[in-house]
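Student: One predicted model, sequence on top.
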Amino acid sequence: MVRVSILYPNGEDIKFDMDYYLDTHIPMAGELIGDVLKGSNIDYGLANAIPGQEIPYVVMTHLTFESVEAFQEAFTPHADKIMNDLPNFTNSNPIIQISKVKI
């Protein structure tokens, strides 16, 4: 299994519309990607381990797929539509990492 992590960095003047993300963006992306998506988690940042310090990421989304190829085959045809929706909920530039799930 592989995990695709989409990390939305925090920073000054960063906006993130969680309602739009959960109610519109995620369902649209899930429908486009289809059954190849095996699981997902969405984490909304609350606090830093060091009190008073800003959280590094506003939101972290983790998507699970059987393989890198499965993700790429499902995502690539819809990449423009999914990525063009970002300004509707955030001005943060996401960092995307694909990792092999070990545990």
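Tutor: Nice, thanks for sending it over.
Student: Please make it C-alpha for all contacts and neighbour counts, starting now.
Tutor: OK.
Student: pLDDT at the closest residue to Gly39 other than its chain neighbours, what is it?
Tutor: In this structure, Gly39 finds its nearest non-sequential neighbour in Thr64, 5.0 Å apart by CA to CA, 6 or more residues apart in numbering. Looking at Thr64, its pLDDT stands at 98.
Student: Phe71 looks like it's in a strand, true?
Tutor: No - counting by DSSP: H, G, I helix; E, B strand; the rest coil, Phe71 is not found in a strand; it is helix.
Student: Pull up the gap between it and Leu37, please.
Tutor: 8 Å (CA to CA, to the nearest Å).
Student: Now for the two: what residues contact both?
Tutor: Contact criterion CA atoms under 8 Å, 6 or more residues apart in numbering; residues shared by Phe71 and Leu37: Phe65.
Student: Please identify which of those two sits among more neighbours.
Tutor: Phe71 (20 against 17; other CA atoms under 10 Å).
Student: so what's that one up against?
Tutor: Here Phe71 is in contact with Val36, Leu37, Phe65 (CA under 8 Å, 6+ apart).
Student: Nearest to Met1, out of those: which one, please.
Tutor: Closest to Met1 out of these is Phe65 (5.8 Å), distances taken as CA to CA.
Student: What's opposite the closest one in the beta bridge?
Tutor: Val2 (DSSP bridges).
Student: Find me whatever residue is spatially closest to His62, sequence neighbours aside.
Tutor: Ser5 (4.5 Å).
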